[in-house]
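K.L.:
Any chance you can model this:
(one chain, ligands or ions: 1)
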Amino acid sequence: MPLSLPAQLRPQQQHIARIATTYATHRPIIQRALTTGFVLYVLSTTYQSLFSRPGVRSPSRGNGRVRAEQNPDGKRPARVAVDAVFYQRLSHILRIVIPGIRSKEALLLFMHSSLLIFRTVISLYVAALDGKIVASLVRAQPVPFLLNILKWLLVAIPATWTNSWLSYVQNKLALAYRTRLTKEILGEYLGDDRHNDKVFYKLANLDDRIKNPDQMITHDIQRFSNHLAAIYSNLAKPVLDVILYNYQLSRNVGAEGLILLTVLVQSSAALLKALTPSFGAYAAMSAQLSGSLRHTHSRLVEFSEEVAFFGGEETEKMLLEREYASSIKHENMILGKRWWHGCVEEGIIKWVWGSFGLCICAIPVFFKLPGVHSFDLGTRTEGFVTNRRLLLSSSDALGRVMYSYKDLSELAGYTARVSLLLETMAEVRKGKFDKALVSSASTEDNAKILKGRGEVVESEEIHFENVPIVTPNGDVLIRSLSFYVKTGQHLLIVGPNGCGKSSLFRILGGLWPVYGGIVRKPPASQFILIPQRPYLCLGTLRDQVIYPHNKTDMEARGVTDADLIAVLSLVQMEHIVEREGGWDASREWRETLSGGDQQKIAWARLFYHKPKYAVLDEATSLVPVEMEALMMQHAGELGITLLTVSHRPSLWKYHSMILQYDGQGGYVFTKLDAERRLALQQEKETLEAKLLEVPKMKVRLQELRAASEGGLR
Ligand SMILES: Nc1ncnc2c1ncn2[C@@H]1O[C@H](COP(=O)(O)OP(=O)(O)OP(=O)(O)O)[C@@H](O)[C@H]1O
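P.N.:
You can find the predicted model right below:
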């Protein structure tokens, strides 16, 4: 019903009084409109802060993008920003970690969301209960007081249960994300049922973009998963809280106060945002620097013997200290930024917003709101306590929305790292490499070769037709190589160091791209490589002989441990089984076995697998000539065709063809007449030995001449 105005008021006052009356009459509708506007505002600002486009000012510096500092190796820096690129990358990764609505991860996420809502509902109930307890105290009513305390104790049960469940589900979610991502990345890295492109090799050898995939696959994925699981509760829950608490608050203190509070809070929040350093870029850089330090340490462990013999401790220490110093310098810089940012953040969020809040809570106490009836002391106290609790929770939630920007920035850093790994692996798999080329790669002829692509055709025998041998750096070792290997026609490959002998095997194994011509070859499964320093895997003694098979594969082949002993006896190594404590003994075999024994184990592996072709790269350099003869003969008896690189003339007689590089880009491929070649070699060596004597003979001749001339005088 409209209120009547006193007649003695002046027209202006009458006008204001009429507005006030109209306002009081329509206040419930205005309140609802203001509250709805507030909710929409919270949602839109959250959306804007999360989905700011590149170029929109964000807490980072400059145009809103956070850039990682220059990489230590001087390569272009990775771009890290909470922008469209970040959301694009994140949505790609989200499709991996949450593959479907019925996946375990989706279920966990649903549980997590339900628990988050439940916890907010409990908090609202507790705020109201708190007010009622204090009101019953002020009114000195013991029965309502005790009843409310009982309710308080009862509500503690679901409250503590929910909190425990929340942290449990969040950690499970992080583990589930990590497992999905690790599985996906290992599938790309080491191959799976869909493809096997030896990405792990290509990433390390043919591409410069990723220096330490080990760190990325272990540490960075873990950090990313933890951040992703936490960001959901750090962001979704506070946004929900801000809306629910403020909705309740606006009903208690009036939407006007809330709007005023929001204006003040938002302007100080904007200031805080502008002052927030680029934590995302810092996180990405931190991960990179610590990865680099770890890599230097693991190199030292790997090459400890070499370093110890050389006495290279000082150099290694210097390298480690340098890596450590740059990592610590960076961490110190972050600590400094976090320190002042923490001060500003707490000052604004806790204290400035807290005092705003207290003023808002006091509104119903000091002012009579239009349309609201006056209350007794107990009701006023109840209202104040409830509002204050709601406000504290609300400002805490708003603070968490603010903090979550920092978390989001860090998540952007880890997302950039994980995406870099995924994107680089995808490109490497398609044959797109990013590697610094040698200067000769730009010369016209070489550039032409590098632009070309050859053909790889599966075939029973090996046949190279006009294939260039090009290193990953773009160095053209041979412009056009043609040769063939027929079954049983063993090929010897010789030439000076670095001319491309082993590179040929890398092309045969499908590791290096083919830049031209046609390579006809059997699939990689029909080759076994024995390098000078054979690979010994982590595992049992049996695993060393049957690698890459495992015990189940071995048994499926019908091979027993007794058969393996027979294989070892071919290389006179059967005693090792007893010496090392049986087939199931497990140790770091690289350190347990001598170089020669390692080569013999690799030969035993060859005899176990009996492949069609064996690639021997100085594979007998550490075993006696008699042993070498036994091994070569047995390989021949098994029908294995050999492709051998060796400087040992004792091996010539086992081969019928020779591919001889001249080290200048030329080569000769022809039949090998080992006897004739040996005779020529011997003659050459004899002549060379004689030639070495010539200078000495000349000196002696001069001495003799001088002596005889002196005698005549
Ligand atoms: N992963 C790689 N990335 C870039 N260049 C490489 C790589 N591997 C080898 N090279 C280069 O390719 C060239 C040929 O190497 P390769 O191993 O084929 O020589 P080689 O003839 O077997 O020599 P050696 O007799 O000394 O073993 C060398 O200049 C080497 O530096």
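K.L.:
By proximity to the ligand, which residue of the stretch 601-713 of the chain wins?
P.N.:
Going by C-beta to the nearest ligand atom, the ligand is nearest to Val645 of the stretch 601-713 of the chain, at 6.3 Å. Glycine gets a C-beta too; all of them are placed from N, C-alpha and C.
K.L.:
On the three-state scheme, the residue nearest the centre of the chain is what?
P.N.:
Nearest to the mean C-alpha position of the chain, by C-alpha atoms, centre = their mean, lies Met216 at 2.2 Å. When classified by DSSP: H, G, I helix; E, B strand; the rest coil, Met216 comes out as helix.
K.L.:
out of everything not next to it in sequence, what's closest to it?
P.N.:
Among residues not flanking Met216 along the chain, Leu421 sits closest, at 4.8 Å (C-beta to C-beta, 6 or more residues apart in numbering).
K.L.:
list the contacts for that neighbour?
P.N.:
The contact partners of Leu421, taken as C-beta atoms under 8 Å, 6 or more residues apart in numbering, are Ile185, Ile210, Pro213, Met216, Ile217, Asp220.
K.L.:
could those go into a markdown table alongside distance to Tyr515?
P.N.:
Converted to a markdown table, the contacts of Leu421 look like this (distance: C-beta to C-beta, whole Å):
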| residue | distance to Tyr515 |
| --- | --- |
| Ile185 | 29 |
| Ile210 | 23 |
| Pro213 | 25 |
| Met216 | 29 |
| Ile217 | 30 |
| Asp220 | 34 |
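K.L.:
So how do I select the buried members of those residues in PyMOL?
P.N.:
To isolate the buried ones among the contacts of Leu421 in PyMOL, judged by 16 or more other C-beta atoms under 10 Å, type:
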select buried, resi 185+210+213+216+217+220
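K.L.:
on that earlier part again, distance of the residue nearest to Met216 from Leu186?
P.N.:
Distance, Leu421 to Leu186, by C-beta to C-beta, to the nearest Å: 11 Å.
K.L.:
which residues are common contacts for the two?
P.N.:
Shared contacts of Leu421 and Leu186 (C-beta under 8 Å, 6+ apart): Ile217.
K.L.:
Up against the ligand, what does this protein have?
P.N.:
205, 471-473, 477, 495, 497-503 (C-beta under 6 Å from any ligand atom).
K.L.:
Apply 5 Å and report the result again.
P.N.:
Taking C-beta under 5 Å from any ligand atom as the contact definition, the chain meets the ligand at Asn205, Thr471, Pro472, Asn473, Asn497, Gly498, Cys499, Gly500, Lys501, Ser502, Ser503.
K.L.:
can you list those in TSV and add secondary structure and neighbour count?
P.N.:
Output for the residues of the chain next to the ligand, formatted as TSV (DSSP: H, G, I helix; E, B strand; the rest coil; neighbours: other C-beta atoms under 10 Å):
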residue	secondary structure	neighbour count
Asn205	helix	15
Thr471	coil	19
Pro472	coil	19
Asn473	coil	14
Asn497	coil	7
Gly498	coil	13
Cys499	coil	21
Gly500	coil	22
Lys501	helix	21
Ser502	helix	16
Ser503	helix	19
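K.L.:
got CSV for these, with pLDDT too?
P.N.:
Putting these into CSV (pLDDT from 0 to 100) gives the following:
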residue, pLDDT
Asn205, 89
Thr471, 90
Pro472, 87
Asn473, 86
Asn497, 90
Gly498, 87
Cys499, 90
Gly500, 89
Lys501, 92
Ser502, 90
Ser503, 91
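K.L.:
so Lys435 sits in a helix?
P.N.:
No: assessed by three-state DSSP, Lys435 does not belong to a helix; its assignment is coil.
K.L.:
State the distance from the residue nearest to it when sequence neighbours are not counted to the ligand.
P.N.:
Spatial nearest neighbour of Lys435, excluding adjacent residues (C-beta to C-beta, 6+ apart): Asp208 at 5.0 Å. Noted for Asp208: a distance of 10 Å to the ligand, by C-beta to the nearest ligand atom, to the nearest Å.
K.L.:
Number of residues surrounding Asp208?
P.N.:
For Asp208, the neighbour count with other C-beta atoms under 10 Å is 15.
K.L.:
Next: the one 10 residues further on.
P.N.:
Neighbouring residues of Thr218 were enumerated by other C-beta under 10 Å; the total is 15.
K.L.:
Done for today, thanks.
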